[in-house]
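>>> generate coordinates for the sequence data below:
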Amino acid sequence: MIAVYAGTFDPMTAGHLSVVRLAARLFAHVRVLVAVNPDKRTVFSEGERVDLARELTLLMPNVSVASTRGLVVDHARGIGASYLVRGLRDAGDAGFETELARLNRKLAPDLTTLILPAEPDLESVSSSALKARVLAGQSVTDLCPPHVADELGRRLRRELP
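Numbering: from 1, shown residues only. A predicted model of the protein is given here:
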């Protein structure tokens, strides 16, 4: 069975990796899919996000990484996936993830969405929260790899007025 775990991953966090590790235990193959949304302003380019995801999943033999500018369901169907994986941090995510699962079911009734919780100590980790903490001068090395934290800090500081 093939599953697709899609997200912006700007950047990929420890919470994202927690979901990837769990999905990799459940499925024969997991495709981490960097979704490109032209309306969303990202810190890292599409290529950088793909490269980072590949680096962080390198030791997971049944995980591959790609990107899409199209619909996630179209990519999933194109690689023969049966499942879409979504991560869940906390109850606040539940409504959004449930609505997204319903939308995906309408678009692709042949795909099943499986919502997986991140590890409990990572429930507050999101890319947005990571950026906010960096901008506040707080360390995020416990929430993402140190080299990602360093680069994120450099880029966000360049954007400050």
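
>>> could you use CA atoms for every contact and neighbour count after this?
Noted.

>>> quick check: mean pLDDT across the longest helix along the chain?
Using DSSP state H, we find that the single longest helix of the chain is helix 91-107. Averaging pLDDT along helix 91-107 yields 88.

>>> which element follows it toward the C-terminus?
strand 112-117 (DSSP states H and E).

>>> so which elements touch that following strand?
When contacts are defined as 3 or more CA pairs under 8 Å, 6 or more residues apart in numbering; DSSP states H and E, strand 112-117 sits against helix 14-26, strand 83-88, helix 91-107.

>>> which one of these lies nearest to Ser128?
Of all the helices and strands packed on strand 112-117, it is helix 14-26 that lies closest to Ser128, at 12.3 Å by CA to CA.

>>> which residues touch the closest one?
With contact meaning CA atoms under 8 Å, 6 or more residues apart in numbering, helix 14-26 is reached by 3, 5, 9, 30, 32, 56-57, 60, 62-63, 85, 87, 89, 116-119, 122-123, 125-126, 142-145.

>>> now the buried members of the residues you listed.
Burial by neighbour count, judged by 16 or more other CA atoms under 10 Å, picks out 3, 5, 9, 30, 32, 56-57, 62-63, 85, 87, 89, 116-119, 122, 125-126, 143-144 from the contacts of helix 14-26.
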